[in-house]
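K.L.:
sequence unknown, structure follows:
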Ligand code: SF4
Ligand code: SF4
């Protein structure tokens, strides 16, 4: 993919849940996992311009021109009919932004920002763009104080992390299951690379946070607190952990039938991690 521009699903000028402080978040289109519990499955694939969603738009905001789907933002009413029509886990509603486009947006909000987070989809699918964007931020006298973070599923290879490492300040990594087969069932991929990523980023001092999502009866994290704690304690006893509680609002397919995680289940898991030496643990602020 050309590294001078990115396919962006959404840009959020302010967020306080995507890394430290107040952050501008860029959600890139495309993912290499297919999580059963994905809340935004339309971010998984790049649009193939098949045109199937065009006629579904009740507001004539979509058209097919020279075999390309054109999205007219001024006509769009954000009704989501197109993404519910698409059978390719995609959306026609994406933006093609250059590094300079995004820098201009960052400059607008810069006085209120602590940093930038690139998320997804899976952000690292567009790694050359991220590297170029972060490099440009570091070279700009007015922006270089902003920290540059990646929110990732951890599947990027070590050589990939090495490429972005000089301009990366921190990364949040999700570990979705302890057992590789369960991870594969939940995401479509095993977790070897994810565990390697956590160890590697901690070693080079770029790991901001490891995230666990508790899904009762479907992930095995809560049954492997001792294994998880041993793994993380060997890496860094001060490792920052965030535990999230699964809820089935907004999920699709089979995950709609899954039970939400309760406060008791999350707190029991946190206590087990603490009993095994981990102490830097953040719990959900709300449970649904
Ligand atoms: S969300 Fe999609 S279907 Fe709805 S108005 Fe916008 S382009 Fe059309
Ligand atoms: S969003 Fe989906 S249905 Fe619409 S053109 Fe792209 S791939 Fe086809």
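P.N.:
That came in fine, so what should we check first? On a predicted model such as this, the values are computed, not experimentally measured, just so you know. Ligands and ions are numbered 1, 2, ... in the order given.

K.L.:
go through the protein and flag its longest strand.
P.N.:
strand 5-15 (DSSP state E).

K.L.:
neighbouring strands for it, and are they parallel or not?
P.N.:
Its sheet considered, strand 5-15 pairs with strand 23-28 (antiparallel), strand 95-98 (antiparallel) by DSSP bridges.

K.L.:
any part of it near ligand 1?
P.N.:
No: Strand 5-15 lies apart from ligand 1 when judged by C-beta under 6 Å from any ligand atom; the minimum separation is 12.8 Å. From N, CA and C alone the C-beta is placed, and that goes for glycine too.

K.L.:
what is the neighbour count of residue 228?
P.N.:
23 (other C-beta atoms under 10 Å).

K.L.:
for it, what are its contacts?
P.N.:
Taking C-beta atoms under 8 Å, 6 or more residues apart in numbering, we find residue 228 in contact with 175, 178, 212, 221, 273.

K.L.:
closest to ligand 2 out of those?
P.N.:
residue 175 (30.5 Å; C-beta to the nearest ligand atom).

K.L.:
that closest one and residue 192 touch, don't they?
P.N.:
No: counting by C-beta atoms under 8 Å, residue 192 is not a contact partner of residue 175; they are 11.4 Å apart.

K.L.:
and those two? which has more neighbours close in?
P.N.:
residue 175 (23 against 11).

K.L.:
ok, the more buried one to residue 158 distance?
P.N.:
Relative to residue 158, residue 175 is positioned 16 Å away (C-beta to C-beta, to the nearest Å).

K.L.:
ok, now which ones touch the nearest residue to residue 30 once chain neighbours are set aside?
P.N.:
Among residues not flanking residue 30 along the chain, residue 125 sits closest, at 4.5 Å (C-beta to C-beta, 6 or more residues apart in numbering). With contact set as C-beta under 8 Å, 6+ apart, residue 125 has these partners: 28, 30, 31, 32.

K.L.:
so which of these belong to strands?
P.N.:
Per DSSP E, the contacts of residue 125 map to strands at residue 28.

K.L.:
of the contacts of residue 125, which is the nearest to ligand 2?
P.N.:
Closest approach to ligand 2 among the contacts of residue 125 (C-beta to the nearest ligand atom): residue 30, at 12.3 Å.

K.L.:
neighbours of the residue of the stretch 101-250 of the chain found nearest ligand 2, how many?
P.N.:
In the stretch 101-250 of the chain, the residue that lies nearest ligand 2 is residue 121 (14.1 Å; C-beta to the nearest ligand atom). Each residue near residue 121 was counted by other C-beta under 10 Å, and the total is 27.
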